[in-house]
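S.K.: Here's my sequence, what's the structure:
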Amino acid sequence: MTILSVPPTSDPLRYARDVNEKPSGRAVPEPEVDSTAAPVADHATADKVRIGLTPVPDNGEAVGSGRPRVHPLSALMNAANQRPDVIEVLRRARHQLPGDPAFGDPLSVTGPGGARAVARAADRLVGDNPSAAREIGFGALQVWQAMLERLGRGKGTEETTVMFTDLVSFSSWSLTAGDEATLDLLRKVAKAIEPPIAERGGQVVKRMGDGVMAVFPSADRAVQAAIAAKRNLADITAGSYRPRMRIGLHTGSPREIGGDWLGVDVTIAARVMEAGGNGKMMISETTLAALEPETLDELGYTARPYRRSFFAAPLSGVPEDLRIYRVSSA
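M.R.: You can find the predicted model right below:
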């Protein structure tokens, strides 16, 4: 809108009042023109306002509106990106690639690691809606994660020894001891059992209240760490409560997914720990077979077959033919 000329007037709001007070359809009287004012251009009067109109093309979009024109190739790619048949073909192709074909879901991208971190960022960008671009991107990250595992920076299906620990009668004690005493004890327990795990190449996967889950690259290191942890724990007390720890070890091929370890072998390790009763150390026959012959002798320990008492409940989630051994000092 361009104002060509507006002469000075004794009532600067006169024009606004004329516009606002006159009903639609009535003519607005022309304001008087001061004869002493400077001449104006022929194509406009002294008190007229010229309003320019933008030409509109046939497609309804204003010329110079700034709207980007969609290229036909871009429109074709966007359409293909959302086609269900294209997405399904790419999903099937991911099953032929190395690594986890479901890589990209919340279960697989939690935890540390470059591929997982990139996958989390990509998931925030592309969202959960199925698309061809999503499948292509996560397929590449799937291969990346598989390569890290083969180089030893991930675990894949390598033989691993899983450890579970638990404090005997901890829950009943903590109910009467209170939060402060409970927290103080848990800190002392962590200082006693976690350093031996790390010193022998183990990794604490997660803490579960009064217990931990850890993984080791070998059965020998797991047994050494377990015995050292129990020795350290013997010096800890909390008033009249002397914590006793039961430990379960099982060797197998669990699956590392998103910083956690899953699979049947993890369940078996937890059940082997439950057989420990009042603070015993238990190992499965697969862990015993994976030990070097001299390991237990050097530590001054022996392994004896575990026999479940007649009144004890059977262990769920454990193969019926799996034998369990109790490890104790010689």
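
S.K.: so where is the stretch 1-150 of the chain shaky, pLDDT-wise?
M.R.: 1-82, 86-87, 98-150 (pLDDT under 70).

S.K.: and the gap between Ser172 and Lys188?
M.R.: Relative to Lys188, Ser172 is positioned 19 Å away (CB to CB, to the nearest Å). (Each C-beta comes from the backbone N, C-alpha and C, glycine too.)

S.K.: out of these two, which sits in the busier spot?
M.R.: The residue with more neighbours, out of Ser172 and Lys188, is Lys188; 17 against 10, by other CB atoms under 10 Å.

S.K.: Which elements pack onto the helix or strand that contains the more buried one?
M.R.: Per DSSP states H and E, Lys188 falls inside helix 179-199. Packing partners of helix 179-199 (3 or more CB pairs under 8 Å, 6 or more residues apart in numbering; DSSP states H and E): strand 160-167, helix 170-177, strand 203-208, strand 211-216, helix 219-233.

S.K.: who wins for proximity to Val318 among these?
M.R.: Nearest to Val318, of all the helices and strands packed on helix 179-199, is strand 160-167, at 13.0 Å by CB to CB.

S.K.: Quickly run through the sheet partners of that closest one, with directions.
M.R.: When sheet partners are counted by DSSP bridges, strand 160-167 sits next to strand 211-216 (antiparallel), strand 245-252 (antiparallel).

S.K.: Residues in contact with the helix holding Lys188: which ones?
M.R.: With contacts defined as CB atoms under 8 Å, 6 or more residues apart in numbering, helix 179-199 is touched by 163, 165, 167, 174, 177, 203-204, 207, 209-210, 212, 214, 216, 224-225, 228-229, 232-233, 235-236, 238-239, 241, 243, 245.

S.K.: okay, the angle between that helix and strand 203-208?
M.R.: Using axes from the mean of the first three to the mean of the last three CA atoms, to 10 degrees, one finds that helix 179-199 and strand 203-208 are set 160 degrees apart in direction.

S.K.: and helix 179-199, which residues are buried?
M.R.: 182, 185-186, 188-189, 192-194, 196-197 (16 or more other CB atoms under 10 Å).

S.K.: Throw those into TSV and include distance to Thr295 and pLDDT, thanks.
M.R.: As requested, the buried residues of helix 179-199 are exported to TSV (distance: CB to CB, whole Å; pLDDT from 0 to 100):
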residue	distance to Thr295	pLDDT
Thr182	35	94
Leu185	31	94
Leu186	30	93
Lys188	28	93
Val189	25	94
Ala192	22	94
Ile193	20	95
Glu194	22	94
Pro196	15	95
Ile197	17	96
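
S.K.: between the residues you listed, which is closest to Lys280?
M.R.: Ile193 (15.6 Å).

S.K.: how much space between the closest one and Ala229?
M.R.: Following CB to CB, the distance that separates Ile193 from Ala229 is 4 Å.

S.K.: anything in contact with each of those two?
M.R.: Common contact partners of Ile193 and Ala229 (CB under 8 Å, 6+ apart): 165, 245.

S.K.: about what we covered before: out of the strands paired with strand 160-167, which comes closest to Gln96?
M.R.: strand 245-252 (26.8 Å).

S.K.: who wins for proximity to Met282 among the strands paired with strand 160-167?
M.R.: Taking CB to CB, strand 245-252 is the member of these nearest to Met282, at 5.2 Å.

S.K.: CSV for the helices and strands packed on helix 179-199, including distance to Glu320?
M.R.: Converted to CSV, the helices and strands packed on helix 179-199 look like this (distance: least, CB to CB, whole Å):
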stretch, distance to Glu320
strand 160-167, 20
helix 170-177, 30
strand 203-208, 27
strand 211-216, 24
helix 219-233, 23
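
S.K.: Glu158 and Ile197, how far apart?
M.R.: Glu158 is 18 Å from Ile197, by CB to CB.

S.K.: next one: Pro254
M.R.: 17 Å.
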